[in-house]
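Undergrad: need coordinates for the below:
(chains A and B)
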There are 2 protein chains.
Amino acid sequence: MKVRVDITLKPGVLDPQGEAVRHALGALGFEGVNGVRQGKVIVLDLATDDEQAALAQASQMAEKLLANQVIENFTVTAI
Amino acid sequence: MKVRVDITLKPGVLDPQGEAVRHALGALGFEGVNGVRQGKVIVLDLATDDEQAALAQASQMAEKLLANQVIENFTVTAI
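TA: The predicted model follows:
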């Protein structure tokens, strides 16, 4: 089954990629953009069909490799 | 209001980042990972409070700047 891991920067952590996007949107003439934050999505295709097991495995993967928990939060969702 | 733009590679487009993650997960001892795809999430904080206007504006931004529609699909969602 497929599990989606959403990884976002914690509030307060500087996001230079998001800032670059905000400036570029302004340069293209888009107005009213108060802020932009950029994150990652990782979709894992896991062999198990047990939703609870898949979510637990994906959480372990996120803790050990996918997310840097000092500056990032993550959520796992079955899809 | 905030709008979330999810950007994923189209099916069939090679994803070297996802492949790198798959190999790293294997090296860490995680088994049963059939595939990994990596995408982007961009959260826009827009000045408007009109959901339809915000979604339309976010779609335009995705078409013009955020997504490369040759190789990427995007979806916009109000959050």
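
Undergrad: up against chain B, what does chain A have?
TA: Listed as neighbours of chain B in chain A under the rule C-beta under 8 Å from any C-beta of the partner chain: A:6, A:8, A:18, A:21, A:24-25, A:28, A:30-48, A:57, A:60-61, A:64-66. Where you see a C-beta, it was placed from the backbone N, CA and C, and this is true even at glycine.

Undergrad: one more time with 7 Å
TA: Taking C-beta under 7 Å from any C-beta of the partner chain as the contact definition, chain A meets chain B at A:6, A:21, A:24-25, A:28, A:30, A:32-48, A:61, A:64-65.

Undergrad: chain A: helices as residue ranges?
TA: For chain A, the helices defined by DSSP state H occupy A:16-27, A:51-61.

Undergrad: just name the most buried of these.
TA: Highest mean neighbour count of these: helix A:51-61, a mean of 17 (counted as mean count of other C-beta atoms under 10 Å in any protein chain shown).

Undergrad: what lies in contact with it?
TA: A:1, A:3, A:5, A:44, A:46, A:48, A:76, A:78, B:25, B:30 (C-beta atoms under 7 Å, 6 or more residues apart in numbering or on different chains).

Undergrad: surely the fifth one is in contact with A:Met1?
TA: Yes - the criterion here is C-beta atoms under 7 Å, and A:Leu46 meets it with A:Met1 at 6.0 Å.

Undergrad: more neighbours: which of the two?
TA: A:Leu46 (23 against 16; other C-beta atoms under 10 Å in any protein chain shown).

Undergrad: list the buried residues in stretch A:2-16.
TA: A:3-9, A:15 (16 or more other C-beta atoms under 10 Å in any protein chain shown).

Undergrad: quick check: the closest residue to A:Glu31 other than its chain neighbours vs B:Ala53, distance?
TA: Among residues not flanking A:Glu31 along the chain, B:Ala47 sits closest, at 7.7 Å (C-beta to C-beta, 6 or more residues apart in numbering or on different chains). Counting by C-beta to C-beta, to the nearest Å, the gap between B:Ala47 and B:Ala53 amounts to 10 Å.
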